[in-house]
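Chemist: Sequence first, then the predicted structure:
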Amino acid sequence: MTVYEELVARGLIAQVTDEEEIQELINNGKAVFYIGFDPTADSLHVGHFMALCLMKRLQMAGNRPIALIGGGTAMVGDPSGRTDMRQMLTPEAIAHNSACFQKQMSRFIDFSEGKALLVNNADWLMNLQYVELLREVGGCFSVNNMLRAECYKQRMEKGLSFLEFNYMIMQSYDFYALYQKYGCNMQFGGDDQWSNMLGGTELIRKKLGKDAYAMTITLLLNSEGKKMGKTQSGAVWLDAAKTSPYDFYQYWRNVDDADVIKCMKMLTFVPLEEITEMEKAQGSELNAVKARLARELTALVHGEEEAARAEAAAKALFGGGGDLTNVPTTTLAAEDFAEGSLSLLDLLVRCGLAASKGEARRLVQQGGVVFEEQKMTDPFAAFTPADFPAAGAMLRKGKKTYHKVLVS
């Protein structure tokens, strides 16, 4: 099976501009390709995960990836799939987020000499002069075609700002610049980026008379057609400080039965032959496949040691008994009991089980909080240090989110 055939078999490819040429490049290690990541937060999330795995997969086959951090495009904001305008970020926030991205990407991509490149489009976009840019590339874009683009559709319903309208031109310019600087001949991205990517191939053809190619990656959707990587408390992040390795493990351990094989194919490096055997699994065997999925993905993001700890914690909690040292833990100090006690709502926020006291109150009122096997029904409940055993108290949100609380 060729590299391209495996991508197809894993369900990763959505659209391509020229399948024959793309196969030739990828299968023979001749692709110099880029994927862009706008630093709109201080961590990558599950939405970026598949793109990073694809970059790793193709690099292993001898192709050269370029990870592009959108320090320039983040100044505008991608309107794709949005019904409202993105929050404007300060240059300082963009620079901080970019640095966070670089650190996380190194877990997936080998950036050693000649293997891959890490670039920031602020290096060329921020130096462009408006009138010069209009004269250089403005004539290469049809406004009629741009208005029909899928990436603008949702924003058109509520009003597309001129700021956002320029995003396609900026992303297209990235491809144009990378082609000239590094010989980048392919761009990969999410399926919602198709129009922007075609803009880049057209700009290269019209300005340079050269061919470049685009391929979109299938969006990671669950069986209900919703994007995966979202929870009630927000995104599933790749930064351990924002989503702990245990919580990351549990997210994948609890995917729906209908989604587990798809996730195995699209996100892991488990051989397809093994996954084909897994498709026959039912009942307890399917649970074992889910555990394998969670272990594989947690190891990819956080390393084997953290994956083993998360797995051990899950087995201890849900298998009964066992070592609970790896369960997510918060240690309370004297200042947490400054007034002699700590409210249940403050405890939930302190442990990261609720984003605010308002959210914590709703959890309690809905019967979703258990402290030491006792369902908490009083939002005004409070605890003193004496309420916490020396080995720690177990706090649970819903059926599957556990947290240990210690008092120092």
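Modeler: Sure thing, it's come through. Source: prediction; values computed, not measured.
Chemist: how does the protein divide up, domain by domain?
Modeler: Here the domain assignment for the chain is 3-217, 230-319, 329-407, based on automatic domain parsing.
Chemist: Could you list the low-pLDDT ranges of the stretch 251-400 of the chain?
Modeler: Residues of the stretch 251-400 of the chain meeting the criterion pLDDT under 70: 318-326.
Chemist: Show me the strands in it, by range?
Modeler: Counting by DSSP state E, counting those that start in this stretch, the stretch 251-400 of the chain has strands at residues 329-332, 342-343, 369-371, 374-375, 382-383, 393-397.
Chemist: Compare those strands and give me the one nearest residue 144.
Modeler: Residue 144 sits nearest to strand 393-397 of all those, at 51.3 Å, using Cβ to Cβ. Heads up, the C-betas are built off the backbone N, CA and C, glycines and all.
Chemist: counting contacts, what elements does the helix or strand that the closest one is followed by pack onto?
Modeler: Sequence-wise, the next helix or strand downstream of strand 393-397 (DSSP states H and E) is strand 401-407. Applying 3 or more Cβ pairs under 8 Å, 6 or more residues apart in numbering; DSSP states H and E, one finds that strand 401-407 contacts strand 329-332, strand 393-397.
Chemist: what's the single longest helix in the protein?
Modeler: Secondary structure of the chain per DSSP state H: the longest helix is helix 284-302.
Chemist: Of all the residues in it, which ones are buried?
Modeler: 286, 289-302 (16 or more other Cβ atoms under 10 Å).
Chemist: before we move on, the earlier item: identify whichever of the domains of the chain lies nearest to residue 223.
Modeler: Among the domains of the chain, domain 230-319 sits nearest to residue 223 (Cβ to Cβ), with 3.9 Å.
Chemist: Spit out the contact partners of residue 55.
Modeler: 35, 65, 67, 108, 109, 116, 188 (Cβ atoms under 8 Å, 6 or more residues apart in numbering).
Chemist: any idea which of those is least confident?
Modeler: Note: of those, the lowest pLDDT belongs to residue 108, at 88.
Chemist: circling back: any chance of TSV for the domains of the chain, columns distance to residue 223?
Modeler: Formatted as TSV, the domains of the chain follow (distance: least, Cβ to Cβ, whole Å):
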stretch	distance to residue 223
domain 3-217	13
domain 230-319	4
domain 329-407	19
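Chemist: Most widely separated two among the buried residues of helix 284-302?
Modeler: Maximum distance among the buried residues of helix 284-302 (Cβ to Cβ): 24.2 Å, for 286 and 302.
Chemist: what are the ranges of the strands in the stretch 51-200 of the chain?
Modeler: Under DSSP E, counting those that start in this stretch, the stretch 51-200 of the chain gives strands at 64-69, 117-120, 186-190.
Chemist: Reformat these as CSV; add mean neighbour count.
Modeler: Output for the strands of the stretch 51-200 of the chain, formatted as CSV (neighbours: other Cβ atoms under 10 Å):
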stretch, mean neighbour count
strand 64-69, 24
strand 117-120, 19
strand 186-190, 25
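Chemist: right, and those - which one's nearest residue 371?
Modeler: Across the strands of the stretch 51-200 of the chain, closest to residue 371 is strand 186-190 (Cβ to Cβ), at 41.6 Å.
Chemist: and that closest one, C-alpha only, in CSV?
Modeler: What follows is strand 186-190 as a C-alpha-only set of coordinates in CSV (Å, rounded to 0.1, in the frame of the first residue of the first chain):
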residue,chain,number,x,y,z
MET,A,186,1.6,21.7,-1.6
GLN,A,187,-0.8,23.0,1.0
PHE,A,188,-2.8,20.9,3.3
GLY,A,189,-5.6,22.1,5.6
GLY,A,190,-9.1,21.4,7.0
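Chemist: That one versus strand 64-69: what angle between them?
Modeler: Between the axes of strand 186-190 and strand 64-69, defined by axes from the mean of the first three to the mean of the last three Cα atoms, to 10 degrees, the angle is 50 degrees.
Chemist: what distance separates strand 186-190 from the middle of the whole chain?
Modeler: 16 Å (Cα atoms, centre = their mean, to the nearest Å).
Chemist: Next: stretch 189-206.
Modeler: The answer for stretch 189-206 is 22 Å, by Cα atoms, centre = their mean.
Chemist: which residues are contacting it?
Modeler: 14-15, 17, 35-36, 47, 51, 80-81, 137, 140-141, 146, 149-152, 167-169, 171-176, 179, 187, 210-214, 216-219.
Chemist: Show me which residues of that stretch are buried.
Modeler: 189-190, 192-204.
Chemist: Name the pair among the residues you listed with the greatest separation in space.
Modeler: The most distant members of the buried residues of stretch 189-206, if one measures by Cβ to Cβ, are 192 and 204, lying 21.2 Å apart.
Chemist: Tell me if I'm right that residue 15 and residue 216 touch.
Modeler: Yes. Using Cβ atoms under 8 Å, residue 15 is in contact with residue 216, at 4.6 Å.
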